[in-house]
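Q: attaching a predicted model along with its sequence, questions to come.
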Amino acid sequence: MRGNAGAAREERGEFRRLVRYTAAGYAAGIGLAALLDHAGLPRSPLGQWLVRTLSGEGESVLEGTFAVRQRLRGASASMAEAYGWGKLAGMAAPWVIDWVSRRVGVDTYGVGGFYIPYFYALSDQIGANVSGFLFLRRETGTVRGALRRYLRNRVMLASLAVILLVPVGLLLARLAGFRPTTQLFTAFETIAANLCWVPPLVGWRAERRADLAGRRPGDTSD
């Protein structure tokens with residue numbers, strides 16, 4: 001049976017791994033976009049779906065795999081694991097939103113389609129935020145207690161800020177004339193919106209500060 005010290009060492013690097021997963025998704029999305037543009041498929045709907053999925057959600061597959069691996073290994077429950085489960089659960093929503101939008105005639109390249117890259121980039125982040133709150137609810141036993149912990153948790157607050165601010169930036173970019181008319185533009189727009197690396201980075205930095213201060217690793221609250 002793993003002792004508390006071993007579990008703490010394992011949890012210490014969780015958020016750092018999540019940041020690395022995001023970089024891998026970015027690289028895969030840009031690489032596929034370049035290949036599709038080179039092949040003469042700059043506006044392929046299927047290509048855009050794949051590029052946006054990798055650029056905006058590639059890390060979710062890896063983070064979800066991380067969460068599954070943690071469960072199979074019998075690791076103690078943690079915020080980072082709950083975060084991974086939430087991101088995996090939120091992956092499918094943008095596929096449906098994209099398909100329905102195209103079916104009803106939304107101009108996916110224009111101002112009216114600004115929300116499509118948003119959901120590819122952040123539907124998993126929304127799922128992660130909800131999952132994180134539920135984790136806190138289980139730990140505290142009450143919604144009120146979970147809310148207090150949520151408002152003191154740097155990771156959850158960073159996640160909420162990303163969810164609320166990114167759609168504003170996407171809308172302003174489209175209003176300024178940006179149109180993702182190539183697969184590379186599609187990848188870059190989705191990557192710019194995919195600030196999912198911010199909350200894990202906040203968590204990682206909090207873990208490092210906790211180590212230096214002698215606090216419990218994984219505690220990302222003030």
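A: Sure, I can see it.

Q: may I see the buried residues of stretch 168-183?
A: Of the residues in stretch 168-183, those buried under the neighbour-count criterion (16 or more other CB atoms under 10 Å) are 170, 173-174, 178, 180, 182-183. Where you see a C-beta, it was placed from the backbone N, CA and C, and this is true even at glycine.

Q: ugh, wrong one, I meant stretch 202-215
A: Buried-residue list, stretch 202-215, by 16+ other CB under 10 Å: 202-204, 206-207, 210.

Q: repeat for stretch 32-45
A: Applying 16+ other CB under 10 Å to stretch 32-45 flags 32-33, 36-37, 41-42, 44 as buried.

Q: quick revisit: reformat the buried residues of stretch 168-183 as CSV; add secondary structure.
A: As requested, the buried residues of stretch 168-183 are exported to CSV (DSSP: H, G, I helix; E, B strand; the rest coil):
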residue, secondary structure
170, helix
173, helix
174, helix
178, coil
180, coil
182, coil
183, helix
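
Q: coming back round to it: just the ones of the buried residues of stretch 202-215 in strands?
A: In strands, defined here by DSSP state E, there are no members of those.

Q: can you pick out the most distant pair from those?
A: For the buried residues of stretch 202-215, the farthest-apart pair by CB to CB is 202 and 210; their separation is 12.4 Å.

Q: between the buried residues of stretch 168-183, which is closest to residue 129?
A: Nearest to residue 129, judged by CB to CB, of the buried residues of stretch 168-183 is residue 170 at 18.3 Å.

Q: now that closest one: closest residue in space that isn't a chain neighbour?
A: Distance criterion CB to CB, 6 or more residues apart in numbering; nearest residue to residue 170, sequence neighbours excluded, is residue 114 at 4.7 Å.

Q: need phi/psi at the one you found.
A: Residue 114 adopts backbone torsions of phi -60, psi -30, taken as degrees, to the nearest 10.

Q: mind checking pLDDT for it?
A: According to the per-residue confidence, residue 114 scores 96 in pLDDT.

Q: wait, doesn't it sit right on residue 171?
A: Yes - in this structure residue 114 lies within contact range of residue 171 using CB atoms under 8 Å: 4.8 Å.
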